[in-house]
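Novice: predicted model and sequence follow; I will ask about them next.
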Amino acid sequence: MISDGLGIAGRVLLTVRDAQGNIREQSEHRNTITNWTRALIASFLSGSMTNIFVGTSHVQPSLPYAIALGTGTGTPQLTDTSMFSETYNTRQQYTYRDVLNGYYAQTVVQYPVNTSGNPITYTEAGLWDQVYTSTTLTGPVVPGDNQIGVDSNAPSMMNGQQLYIADSTNPEYATVSGSYASGQGSWFLQSGLQYSHAMGTTVYCFSGNLLAHVVFQGNGVTVGPGEQLTAQWQIYAQNG
């Protein structure tokens, strides 16, 4: 008989190494498991390894694949499908993943050394089932526009998920308003754009399924020039 107190938990272990490879800082942060992960585990335990039941639909299962960092704040919820403010180019495929001590499903990302010349502070992280996808603008946009046309290769997007418009002159973030199937040619945004962008500009989509979300304690984690961050995300069953 399974204990009534059995549940799924997770934590993120952050390690910052200085330019000489010495550990400068280590911290542990407890995460919030999302409804996607709860549905995934329930389906696996019921013997369904080919699809999972989410809401009223059966969909393909997915596993932890990437970790992203961000600068947002707030309280993560079971219903989260996006981070508060994901930072472009931090969603990295796992360096490795394994089973730790027989019971911990571990996903590890070793980030590149900070070569920006400036310290970078992160306040949140997300565990995702994919890296970025991308599409292109099918027409020009101007400041204040709250709708964009995207190419037929555009991924499915959920309400509140973010975009990064990779304009070489004026890049900017945007947030999708409403949910859209893959290939749908037009997306509304939650607020108007700040800059003009030409047709053909690449748009990186922070799409996919969010498995877990965490906001770091204190003032977050700062990675100085020449330093390197490693994030270890562990999900496990616990009693009580």
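Specialist: Okay, I see it.

Novice: quick check: mean pLDDT of stretch 76-86?
Specialist: Mean per-residue pLDDT for stretch 76-86: 96.

Novice: low-scoring stretches of the chain, by residue?
Specialist: For the chain, the stretches flagged by pLDDT under 70 are 1-8, 47-61, 102, 237-240.

Novice: swap the cut-off to 90 and go again
Specialist: Residue ranges of the chain with pLDDT under 90: 1-11, 35-64, 96-106, 235-240.

Novice: domain assignment for the chain?
Specialist: Following the assignment in automatic domain parsing, the chain carries domains at 7-130+208-238, 132-207.

Novice: in this structure T222 contacts N118, no?
Specialist: No: counting by C-beta atoms under 8 Å, T222 stays clear of N118, with 10.4 Å between them. Just so you know, the C-beta spots here come from the backbone N, C-alpha and C atoms, and that holds for glycine as well.

Novice: about what we covered before: I'd like the domains of the chain as TSV, with mean neighbour count appended.
Specialist: Output for those, formatted as TSV (neighbours: other C-beta atoms under 10 Å):
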stretch	mean neighbour count
domain 7-130+208-238	17
domain 132-207	16
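
Novice: wouldn't I165 be in contact with T201 here?
Specialist: Yes: with contacts counted by C-beta under 8 Å, I165 reaches T201, the gap being 6.1 Å.

Novice: return every residue with contacts to both of those two.
Specialist: Here I165 and T201 have L137 as joint contacts, going by C-beta atoms under 8 Å, 6 or more residues apart in numbering.

Novice: can you tell me the closest non-neighbouring residue to V109?
Specialist: When the adjacent residues along the chain are set aside, V109 lies closest to I67, with 4.4 Å between them (C-beta to C-beta, 6 or more residues apart in numbering).

Novice: how about N118?
Specialist: Once flanking residues are discounted, N118 sits nearest to P225: 6.6 Å by C-beta to C-beta, 6+ apart.

Novice: so who does the one you found touch?
Specialist: 19, 114-119 are the contacts of P225 under C-beta under 8 Å, 6+ apart.

Novice: likewise for A68?
Specialist: Listed by C-beta under 8 Å, 6+ apart, the contact partners of A68 are 83, 86-87, 90-92, 125-126, 128, 206.

Novice: for those, which one is nearest Q234?
Specialist: The closest of the contacts of A68 to Q234 turns out to be A125 (C-beta to C-beta; 12.7 Å).
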